[in-house]
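Visitor: coordinates for the following, if possible.
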Amino acid sequence: MSYLVLARKYRPQRFDDVVGQQRIAQTLKNSIEQDRVAHAYIFSGPRGVGKTSLARILAAVLNCKAAPPTEACGECDSCRGVAAGTDIDVIEIDGASNNRVDEIRDLRDNVKYVSARGGYKIYIIDEVHMLTTAAFNALLKTLEEPPAHVKFLFATTEPQKLPDTIKSRCQFFEFRRISEADITTRLGEIAALEGLEIDEDILLTIARSARGGMRDALSALDQLIAFRGVDGEAPSQEAVREILGLVSRGALLDLVDRLLERDAAGALLAIDEMLGTGRQAADLVDVFLQTLRDLMVVASCGERGEKLIEDTAEGLARLRELSARMSVETLLYWIRTLSDVRERATRFGQGRLFLETALVKLSTQPDIVPLDRILAALDQLERGGAAHSGPRPSPSASNGGRPTSPQRPTRSTGPGPRREATPAPDVKVPKSKAVSSADESPWEQVLRLVGRKSLSLNVALRAVQFLGVEGDRLRLALPAESRFQRSQIQQQAPVLRACLESVFGRALEIQLDDGSGEEPPLKPAEASAEASAESTPAPEAVSPPPARPKKTSRAPIGPKRSGKSKPAREGHATQDPYVRKVIDSLDGELMDGA
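Guide: As a prediction, this is how the structure comes out:
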């Protein structure tokens with residue numbers, strides 16, 4: 001007699017034997033007891049989770065006459081025929097190889113005949129999503145209103161490919177992946193029935209490699225039993241991984257440790273050793289992603305999340321140790337990066353290249369800091385008196401005698417000796433009613449208040465030099481070429497005056513010094529006018545062009561050219577301070593760009 005593999009030998013024969021799908025099994029049992037069995041069911045889920053087995057159990061119970069309503073005896077001709085797949089009233093059809101419309105038409109013609117034993121005629125169509133569109137259309141009417149003696153049981157791993165017209169005519173059951181704990185327990189029971197003693201750690205390794213499929217786990221156990229040989233010597237963990245082509249959890253955690261230590265060479269060597277066991281790069285990425293998922297759960301949930309991870313005590317301790325060294329944001333970035341590697345390896349091949357590139361990238365990536373932490377640090381820095389581009393006043397009663405930053409000389413806009421900014425005189429500043437800090441100078445308090453009201457004005461004020469307060473005037477130094485900053489200060493002078501009054505306790509006029517001479521204070525009514533005059537160049541006196549006669553033909557389409565001559569354009573351009581600075585720094589000359 002030929003050998004019967006464990007997956008067939010220990011296939012469930014009763015509802016209570018089904019592992020991991022108790023909810024569905026109980027629902028079907030209740031429907032039989034209440035005589036509410038539907039005419040069509042769809043069993044959907046991953047491979048090896050019991051879809052076809054449960055369909056056979058339901059068919060055997062419906063046609064068995066020698067047992068209670070919700071159980072099959074397993075001894076009558078009908079039960080044995082269903083278990084062997086040879087019963088004439090239970091027709092199993094492979095949807096992958098019988099997917100043409102002609103086969104479905106034959107099925108539709110045969111449903112009108114009653115069953116041979118007086119029970120139900122049951123059609124089990126596996127991989128039903130493989131049927132063609134024409135075959136589905138041919139099945140619609142029969143599926144909606146079949147004869148009373150006909151039941152349809154469909155099994156599929158890709159329910160999204162089923163037409164909605166088919167789904168709406170069936171009761172839908174979603175099978176879930178079987179947990180590693182349930183698979184381990186079932187493997188232990190089968191090993192005991194076979195007279196084998198296998199360590200629980202090895203059974204857990206097999207269960208983890210099955211990815212929720214009982215059939216895959218039983219196939220791996222079959223392979224392990226064959227490796228043991230007639231002497232029955234128990235294999236080691238290393239032997240089991242080598243036989244099944246698995247990667248140890250410890251090796252994956254060591255890889256994480258190398259990445260955290262910025263050891264790119266060690267990470268690449270570890271990957272080379274793992275790929276040497278026969279695993280494909282895409283499969284290796286899958287198991288590595290599972291390890292990163294466990295790290296993410298521990299890092300996010302702490303001890304409460306450990307119940308979501310099926311691992312040994314030593315493995316959980318290692319997960320806690322590694323998760324404490326990395327942020328959740330870093331783990332999310334790693335998972336996203338490796339997910340992209342998985343997709344590229346599937347689409348383009350070259351999985352090893354993509355994987356090694358990603359590991360080198362991760363080994364050079366510092367720990368990612370959350371955005372809210374960065375914003376909190378910036379806010380604390382601003383509140384604590386962060387250094388700004390302008391100098392602080394000299395030590396005096398106004399700043400508590402703290403040392404000031406070195407003064408930055410004012411940039412000159414023309415030839416001649418550069419004039420240094422005069423140091424700010426000591427100013428006795430009255431106590432402000434606004435919220436202030438003992439570590440902030442008055443000007444820093446002004447910048448903080450301005451930043452709450454206008455970001456653009458705050459940026460512009462960061463480029464000026466605070467020269468001090470003389471009487472009712474606030475003196476600031478700003479280079480003449482800083483047109484944007486000057487226009488912002490002029491346009492938003494009322495905002496600045498309000499902040500100055502809040503800090504200094506009195507109204508102050510603003511005086512801008514361009515480095516070559518003092519300017520009169522800005523008046524409130526002049527702010528917008530001066531800004532407009534500053535940003536708009538004066539029009540040139542140009543005589544109107546002579547009138548041209550009208551032409552009937554359309555002018556050629558092209559870029560408009562300036563009416564100025566080449567020397568006029570060059571003279572106008574060289575007056576711009578930025579253009580002149582570029583020309584001087586490069587020791588060049590202005591060429592015609594027309």
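
Visitor: quickly note the distance from the residue most central in space within the chain to Ala324.
Guide: What sits nearest the mean C-alpha location of the chain, by C-alpha atoms, centre = their mean, is Arg336, with 5.1 Å. In this view, Arg336 and Ala324 are 22 Å apart by C-beta to C-beta, to the nearest Å. Bear in mind the C-beta positions are built from the backbone N, C-alpha and C, glycine included.

Visitor: part of a helix, is the residue nearest to the centre of the chain?
Guide: Yes: according to DSSP: H, G, I helix; E, B strand; the rest coil, Arg336 belongs to a helix.

Visitor: pLDDT at it, what is it?
Guide: pLDDT for Arg336: 93.

Visitor: please apply the same query to Lys523.
Guide: On the pLDDT scale, Lys523 gets 47.

Visitor: same question for the one 10 residues further on.
Guide: For Ala533, the model assigns a pLDDT of 43.

Visitor: again with Lys29
Guide: Predicted confidence (pLDDT) for Lys29: 92.

Visitor: surely it and Leu62 touch.
Guide: No: counting by C-beta atoms under 8 Å, Lys29 stays clear of Leu62, with 11.9 Å between them.

Visitor: now the helices for the stretch 401-550 of the chain?
Guide: 442-453, 455-461, 483-491, 493-504, 527-535 (DSSP state H, counting those that start in this stretch).

Visitor: Ile183: how many residues sit nearby?
Guide: As a burial measure, Ile183 scores 29 neighbours (other C-beta atoms under 10 Å).

Visitor: so what's the residue count around the nearest residue to it once chain neighbours are set aside?
Guide: Excluding its sequence neighbours, the residue lying closest to Ile183 (C-beta to C-beta, 6 or more residues apart in numbering) is Ala207, at 3.9 Å. The local packing of Ala207 (other C-beta under 10 Å) involves 28 other residues.

Visitor: got it, and Gly188?
Guide: When neighbours are defined as other C-beta under 10 Å, Gly188 has 14 of them.

Visitor: residues contacting it?
Guide: Gly188 sits next to 198, 200, 203 when contact means C-beta atoms under 8 Å, 6 or more residues apart in numbering.

Visitor: JSON lines please, covering those residues and showing secondary structure and distance to Arg249.
Guide: Shown next, in JSON lines, are the contacts of Gly188 (DSSP: H, G, I helix; E, B strand; the rest coil; distance: C-beta to C-beta, whole Å):
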{"residue": "Ile198", "secondary structure": "coil", "distance to Arg249": "18"}
{"residue": "Glu200", "secondary structure": "helix", "distance to Arg249": "15"}
{"residue": "Leu203", "secondary structure": "helix", "distance to Arg249": "15"}
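
Visitor: in the chain, where is pLDDT below threshold?
Guide: Low-confidence segments of the chain (pLDDT under 70): 1, 229-235, 384-439, 515-594.

Visitor: okay, now the domains of it?
Guide: 6-174, 180-244, 249-364, 378-398+431-535 (automatic domain parsing).

Visitor: relative to Pro370, which of the ones you listed is closest?
Guide: domain 249-364 (5.5 Å; C-beta to C-beta).

Visitor: re earlier: could you dump the helices of the stretch 401-550 of the chain to JSON lines with mean neighbour count?
Guide: JSON lines is the format used below for these (neighbours: other C-beta atoms under 10 Å):
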{"stretch": "helix 442-453", "mean neighbour count": "20"}
{"stretch": "helix 455-461", "mean neighbour count": "18"}
{"stretch": "helix 483-491", "mean neighbour count": "20"}
{"stretch": "helix 493-504", "mean neighbour count": "19"}
{"stretch": "helix 527-535", "mean neighbour count": "15"}
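
Visitor: Arg342 is nearest to which of those?
Guide: In terms of C-beta to C-beta, the element of the helices of the stretch 401-550 of the chain nearest to Arg342 is helix 455-461, at 42.0 Å.

Visitor: which other helices and strands contact that closest one?
Guide: helix 442-453, helix 483-491, helix 493-504 (3 or more C-beta pairs under 8 Å, 6 or more residues apart in numbering; DSSP states H and E).

Visitor: which neighbouring elements make contact with the last one?
Guide: With contacts defined as 3+ C-beta pairs under 8 Å, 6+ apart, the secondary structure elements packing on helix 493-504 are helix 442-453, helix 455-461, strand 509-513.

Visitor: phi, psi of Cys79?
Guide: Note on Cys79: backbone dihedrals following degrees, to the nearest 10 are phi -70, psi -40.

Visitor: ok, now Val111?
Guide: Dihedral angles (degrees, to the nearest 10) for Val111: phi -70, psi -20.

Visitor: not counting its neighbours along the chain, what's nearest it?
Guide: Leaving out its chain neighbours, Val111 is closest to Val150 (C-beta to C-beta, 6+ apart), at 4.9 Å.

Visitor: roughly how far does the one you found sit from Ile183?
Guide: For Val150, the distance to Ile183 - C-beta to C-beta - is 36 Å.

Visitor: and for Ala226?
Guide: 20 Å.

Visitor: follow-up on the earlier one: secondary structure element for the residue nearest to Ile183?
Guide: helix 200-210 (DSSP states H and E).

Visitor: of the helices and strands packed on helix 455-461, which approaches Gln160 most closely?
Guide: Here helix 442-453 is closest among the helices and strands packed on helix 455-461 (C-beta to C-beta), at 52.3 Å.

Visitor: now the angle between helix 493-504 and that closest one, please.
Guide: 130 degrees (axes from the mean of the first three to the mean of the last three C-alpha atoms, to 10 degrees).

Visitor: the strands in this structure, which residues?
Guide: 40-44, 90-94, 121-126, 150-156, 171-174, 465-470, 473-477, 509-513 (DSSP state E).

Visitor: got those as TSV, with distance to Pro69 and mean neighbour count columns?
Guide: Listed next are the strands of the chain as TSV, based on distance: least, C-beta to C-beta, whole Å; neighbours: other C-beta atoms under 10 Å:
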stretch	distance to Pro69	mean neighbour count
strand 40-44	18	23
strand 90-94	18	18
strand 121-126	16	23
strand 150-156	15	23
strand 171-174	19	15
strand 465-470	92	20
strand 473-477	94	21
strand 509-513	94	19
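
Visitor: from Asp286, how far out is the residue lying closest to Gln485 once chain neighbours are set aside?
Guide: Spatial nearest neighbour of Gln485, chain neighbours left out: Ala460 (4.0 Å); criterion: C-beta to C-beta, 6+ apart. Using C-beta to C-beta, we find Ala460 at a distance of 54 Å from Asp286.

Visitor: the closest residue to Ser482 other than its chain neighbours and Arg475: what is the separation?
Guide: Leaving out its chain neighbours, the residue that sits closest to Ser482 by C-beta to C-beta, 6+ apart is Ala463, at 5.9 Å. Look at Ala463 and Arg475: by C-beta to C-beta, they are 15 Å apart.

Visitor: rewinding a little: what sits against the residue nearest to Gln485?
Guide: Taking C-beta under 8 Å, 6+ apart as the test, what Ala460 contacts is 484-486, 488-489.

Visitor: please redo it, this time with the cut-off set to 10 Å
Guide: 450, 454, 478, 482, 484-492, 496 (C-beta atoms under 10 Å, 6 or more residues apart in numbering).

Visitor: repeat that for Glu261.
Guide: 267, 325, 363.

Visitor: narrow those residues to those in helices?
Guide: Among the contacts of Glu261, DSSP state H puts 267, 363 in helices.

Visitor: just the closest of the contacts of Glu261 to Glu33, please.
Guide: Using C-beta to C-beta, these come closest to Glu33 at Arg325, 55.7 Å.

Visitor: what about the closest residue in space to that closest one that isn't next to it in sequence, neighbour count?
Guide: Spatial nearest neighbour of Arg325, excluding adjacent residues (C-beta to C-beta, 6+ apart): Leu260 at 5.6 Å. Per other C-beta under 10 Å, the neighbour tally for Leu260 reads 15.

Visitor: related to what we said a few turns ago, same list, the domains of the chain, but as CSV with distance to Leu371 please.
Guide: What follows is the domains of the chain, written out as CSV (distance: least, C-beta to C-beta, whole Å):
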stretch, distance to Leu371
domain 6-174, 36
domain 180-244, 35
domain 249-364, 9
domain 378-398+431-535, 11
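
Visitor: does the residue nearest to Val111 touch Tyr120 like I think?
Guide: Yes: Val150 is within contact range of Tyr120, at 7.1 Å (criterion: C-beta atoms under 10 Å).

Visitor: many thanks, we can stop here.
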